[in-house]
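Trainee: Got a sequence here, can you build the structure:
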Amino acid sequence: MEAGANQLSAHRSGPLRGRLKPPGDKSISHRALILGLLSVGETKIEGLLEGDDVLRTAAVCRALGAGVERRGDGSWQVRGCGIGSLLAPREPLDFGNSGTGMRLMMGVVGGHAIVAAFDGDASLRKRPMRRILDPLALMGAEVLSEATGGCCPIVLKGTSEPIPIEYYPPVASAQIKSAVLLAGLNSPGRTSVIEAEASRDHTEKMLKHFGASISVEAFGPHGRKITLDGRPELHPAPVIVPADPSSAAFPLVAATIAPGSDIIIEAMMMNPLRAGLLATLLEMGADIEILDRREEGGEEVADLRVRAAALKGVDAPASRAPSMIDEYPILAVAAAFASGQTRLRGLQELRVKESDRLEAVAAGLRAAGVDCQIVGDDLIVEGRSGDVPGGGLVKTHLDHRIAMSFLCMGLASRAPMAIDDARMIATSFPAFKTLMERLGAQFA
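Mentor: Down below sits the predicted model:
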């Protein structure tokens, strides 16, 4: 097949060696900008992820009235206008490929008396927003227009008096929870979100960091009840963004499957609600040493020493899905190199990501000569004991995590692995190719 202009391939490399610090966490970067917008005064952010997704959120904050600029030292400054004081945007808010930015900002707009149009690229226009819009409607927001199936473009009319609600999300989703809490910031009462399964808790931690009155208590065997008092005065608070576990996942798995590798990943966030991949890889026999645990920006971080290891198949429970929902594509790559069968359970949320990730991952594995099947919402991978044929061209469907996952596979497979489009990698990990090449990866 003739190579396309945006195609990229990864070739079997020697051992990966060296140190790298992955980009700043995408989830925290979005939230730092948004809470800077909703505070009165200047918020300094260090280590912000400067990928396209986050830069779109920065642009939207400007459109809603904040001053947002990158300083000469690489930090970012947000001059916020405060809760209840947002400006109505003059143009549609274009989120590109960023589902996180869009969903969180729908919560912000839903809790303010402004009208905003939300739009994005072709991939984002396929992603359903009804799960966000439904609770916002209960709080008094109104959807003035939407595409079929609750997709973009969407015009949302917020309310100056969000109704305080107690909401039970239909699935464990930090985006749903965060949208409700962000709308509840301008409510005259108390807003609660009750989760049957705890999702990542960055919004709760950052709200507290900026001065909100918020409580978190256990609910049932795995759940949490989060309660927010409305109309706090948020105060600017400095944010140091830790390294993104979802981005660190790629060099982590690449070093595990590429024979002879020995790398250090610096300052990775160790939040237990983001540690599902780490726990699963350790169960599979990965050689990962956790070094220098410490706190940065309100989150625990650590350095990881990762050495190549022979993996074995495992049965990963559905209860672990919220803590590694974005890491399943690269985990499936690790499973391909393991001995025996790996079953990844409860992956229904992968069907509504940047692509239908469940189908995209399965198609990529087959293109590499790896047997797999989808049974309900489970992915079953038949491991090749370190001997993956490779040689396939993977359709990324404009999904950055599919792209990076199968490039990592190509670093250890017998024949190179190619992806049809590398452009979307910039949404979350702009320096992926450069940093991996410094470790010894070979791309063409």
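Trainee: what's the spacing between residue 53 and residue 267?
Mentor: From residue 53 across to residue 267, the span is 20 Å (CB to CB, to the nearest Å). Using the backbone N, CA and C atoms, a C-beta is placed for each residue, glycine as well.
Trainee: again, but for residue 258
Mentor: On the measure of CB to CB, residue 258 and residue 267 end up 22 Å apart.
Trainee: Give the bridge partners for residue 115, please.
Mentor: When bridges are called by DSSP bridges, residue 115 pairs up with residue 157.
Trainee: Would you check that it makes contact with residue 155?
Mentor: Yes. Judged on CB atoms under 8 Å, residue 115 makes contact with residue 155 at a distance of 6.6 Å.
Trainee: residues shared between the contacts of those two?
Mentor: Listed as contacting both residue 115 and residue 155 by CB atoms under 8 Å, 6 or more residues apart in numbering are residue 144.
Trainee: pretty sure residue 349 is in a helix, no?
Mentor: Yes. Under DSSP: H, G, I helix; E, B strand; the rest coil, residue 349 sits within a helix.
Trainee: In contact with it, which residues?
Mentor: By CB under 8 Å, 6+ apart, the contact list for residue 349 reads 171, 173, 321, 325.
Trainee: One more pass at 6 Å, please.
Mentor: For residue 349, the contacting residues are residue 325, by CB atoms under 6 Å, 6 or more residues apart in numbering.
Trainee: And for residue 385?
Mentor: residue 339.
Trainee: any idea how far residue 415 is from it?
Mentor: For residue 385, the distance to residue 415 - CB to CB - is 17 Å.
Trainee: now residue 148
Mentor: 41 Å.
Trainee: Check residue 392 too.
Mentor: Per CB to CB, residue 392 is found 8 Å from residue 415.
Trainee: And the two? Which one has more around it.
Mentor: Counted by other CB atoms under 10 Å, residue 392 and residue 415 do not tie: residue 392 has more neighbours, with 23 against 16.
Trainee: Tell me how many other residues surround the nearest residue to the more buried one once chain neighbours are set aside.
Mentor: Spatial nearest neighbour of residue 392, excluding adjacent residues (CB to CB, 6 or more residues apart in numbering): residue 367 at 2.8 Å. Residues near residue 367, counting by other CB under 10 Å, number 19.
Trainee: Please report how far residue 367 lies from residue 174.
Mentor: Between residue 367 and residue 174 the computed distance is 31 Å (CB to CB).
Trainee: and what of residue 397?
Mentor: Relative to residue 174, residue 397 is positioned 23 Å away (CB to CB).
Trainee: between the two, who's got more neighbours?
Mentor: residue 174 (25 against 20).
Trainee: Check the secondary structure at residue 178 for me.
Mentor: What three-state DSSP gives for residue 178 is helix.
Trainee: Where does pLDDT dip in the chain?
Mentor: Across the chain, the ranges flagged by pLDDT under 70 are 1-3, 297.
Trainee: Now do the helices in this protein.
Mentor: Assigned by DSSP state H, the helices in the chain fall at 26-37, 52-63, 99-110, 130-138, 174-184, 202-209, 245-257, 276-283, 328-337, 357-367, 400-410, 432-439.
Trainee: Against which helices or strands is the longest one packed?
Mentor: In this structure, helix 245-257 packs against strand 262-269, helix 328-337, helix 400-410, with contacts taken as 3 or more CB pairs under 6 Å, 6 or more residues apart in numbering; DSSP states H and E.
Trainee: Could you say which one of those comes nearest to residue 35?
Mentor: Closest approach to residue 35 among the helices and strands packed on helix 245-257 (CB to CB): strand 262-269, 17.6 Å.
Trainee: so what's the spatially closest residue to residue 263 that is not a sequence neighbour up against?
Mentor: Once flanking residues are discounted, residue 263 sits nearest to residue 255: 4.6 Å by CB to CB, 6+ apart. Contact analysis of residue 255 by CB under 6 Å, 6+ apart lists 16, 261, 263, 306.
Trainee: Ok, residue 331 next?
Mentor: When contacts are counted by CB under 6 Å, 6+ apart, residue 331 touches residue 277.
Trainee: that older thread, can you list the contacts of residue 255 in TSV and add neighbour count?
Mentor: Converted to TSV, the contacts of residue 255 look like this (neighbours: other CB atoms under 10 Å):
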residue	neighbour count
16	27
261	25
263	24
306	23
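Trainee: can you list those in CSV and add distance to residue 435?
Mentor: Output for the contacts of residue 255, formatted as CSV (distance: CB to CB, whole Å):
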residue, distance to residue 435
16, 11
261, 14
263, 11
306, 14
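Trainee: Closest one of the residues you listed to residue 273?
Mentor: Checking those against residue 273 by CB to CB gives residue 306 as the nearest, at 21.5 Å.
Trainee: Residue 258 versus the closest one, what's the distance?
Mentor: Distance, residue 306 to residue 258, by CB to CB: 10 Å.
Trainee: same question, residue 195
Mentor: 38 Å.
Trainee: What of residue 360?
Mentor: 23 Å.
Trainee: And residue 77, by the same measure?
Mentor: Residue 77 is 40 Å from residue 258, where distance means CB to CB.
Trainee: Show me which of those two is the more surrounded one.
Mentor: The residue with more neighbours, out of residue 77 and residue 258, is residue 258; 23 against 16, by other CB under 10 Å.
Trainee: what's that one in contact with, if anything?
Mentor: Per CB under 6 Å, 6+ apart, neighbours of residue 258: 16, 411-412.
Trainee: one more time with 8 Å, if that's ok
Mentor: Residue 258 touches 13-16, 308, 411-412, counting by CB under 8 Å, 6+ apart.
Trainee: Likewise for residue 374?
Mentor: Counted by CB under 8 Å, 6+ apart, residue 374 has contacts 358-359, 362, 380.
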